[in-house]
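**Q** Only the shape, not the letters, is given here:
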């Protein structure tokens with residue numbers, strides 16, 4: 001996975017390319033339908049945007065990101081996305097490409 005900067009504001013989520021310092025994507029908070037989290041301690045989450053392709057990310061600060069996202073949703077609108085936690089979820093990697101991701105716990109880690 002490529003490294004990016006994630007910026008959360010009261011109105012949107014911004015993804016900035018770390019190498020070029022250019023804005024790669026802006027996602028309005030009102031466009032977010034659901035947030036999927038791996039229920040393992042593996043740092044993966046996905047932001048589901050039905051009108052666009054979804055966002056799959058991994059961060060060692062997954063808990064802090066989710067806290068800030070939920071605070072942003074609560075402070076700006078009555079819209080709050082569904083939260084889904086599982087060892088498996090589906091996301092839209094592109095307009096015509098759905099992918100399923102499955103997480104497994106590895107012994108000894």
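**A** Now that the structure is in, tell me what you want to look at. Note that this is a predicted model, so its numbers are computed, not measured. Residues are numbered from 1 along each chain as shown.

**Q** in what helix or strand does the closest residue to residue 90 other than its chain neighbours lie?
**A** Closest residue to residue 90 apart from its sequence neighbours, by Cβ to Cβ, 6 or more residues apart in numbering: residue 100 at 4.7 Å. For glycine as for every other residue, the C-beta is placed from the backbone atoms N, C-alpha and C. Per DSSP states H and E: residue 100 is located in strand 97-102.

**Q** Check residue 68 too.
**A** helix 62-76.

**Q** for stretch 83-103, which positions count as buried?
**A** Within stretch 83-103, the residues that count as buried by 16 or more other Cβ atoms under 10 Å are 89, 91, 92, 101.

**Q** per-residue pLDDT, residue 77?
**A** Residue 77 is assigned 68 on the pLDDT scale.

**Q** Identify the bridge partners of residue 13.
**A** Using DSSP bridges, the bridge partners assigned to residue 13 are residue 8, residue 27.

**Q** Hmm, it is touching residue 65, no?
**A** No. At 9.7 Å, residue 13 does not count as touching residue 65 under the criterion of Cβ atoms under 8 Å.

**Q** Which neighbours do these two have in common?
**A** Counting by Cβ atoms under 8 Å, 6 or more residues apart in numbering, the residues touching both residue 13 and residue 65 are residue 6.

**Q** neighbour count winner among those two?
**A** Neighbours per residue, other Cβ atoms under 10 Å: of residue 13 and residue 65, the larger number sits with residue 13, 22 against 19.

**Q** rewinding a little: for the next helix or strand after the helix holding residue 68, packing partners?
**A** Later in the chain than helix 62-76, the nearest helix or strand by DSSP H and E is strand 82-86. Here strand 82-86 touches strand 34-38, going by 3 or more Cβ pairs under 8 Å, 6 or more residues apart in numbering; DSSP states H and E.

**Q** All good on my end, thank you.
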